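K.L.:
Build me a structure from this.
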Amino acid sequence: MSSKQRGMTSEKLSEIESELPKVFHVRNAFSPDILGKEFCIENLGLTEDDFYLDEDGKEKCSNPWFDTLSHIGMTNEEIEFANTEIIGRNTIEGAPV
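P.N.:
Numbering: from 1, shown residues only. Below you'll find the model as predicted:
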């Protein structure tokens, strides 16, 4: 299933793309802080309850580790594949000599 089938729009994907140089993992580029609460509710199926207190007493929306990609149905394998393709491995292993 594509990201657009999961609720992403071309405009939002462009915004996310501009965030990629600032993140170390693709999950961070799709955080609710970047996507926006309204977008997450209207397009990704999050509810108001998803943004309220978590076990640490903080709003989940302000939690940079809230896993939006898992929430919209991506498997860990899909997320890690996307991360390797988009962000890379953050290592010089396998780089040209």
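
K.L.:
Please identify the buried residues of stretch 42-53?
P.N.:
N43, L44, L46, D50, F51 (16 or more other Cβ atoms under 10 Å). Using the backbone N, CA and C atoms, a C-beta is placed for each residue, glycine as well.

K.L.:
quick one, what contacts the spatially closest residue to the second one that is not a sequence neighbour?
P.N.:
Leaving out its chain neighbours, the residue that sits closest to L44 by Cβ to Cβ, 6 or more residues apart in numbering is G7, at 4.5 Å. G7 sits next to N43, L44, G45, I72 when contact means Cβ atoms under 8 Å, 6 or more residues apart in numbering.

K.L.:
that older thread, from the buried residues of stretch 42-53, which land in helices?
P.N.:
Among the buried residues of stretch 42-53, the residues falling in helices (DSSP state H) are N43, L44.

K.L.:
which two from the buried residues of stretch 42-53 end up farthest apart in space?
P.N.:
Across the buried residues of stretch 42-53, no pair lies farther apart than N43 and F51, at 14.5 Å, counting by Cβ to Cβ.
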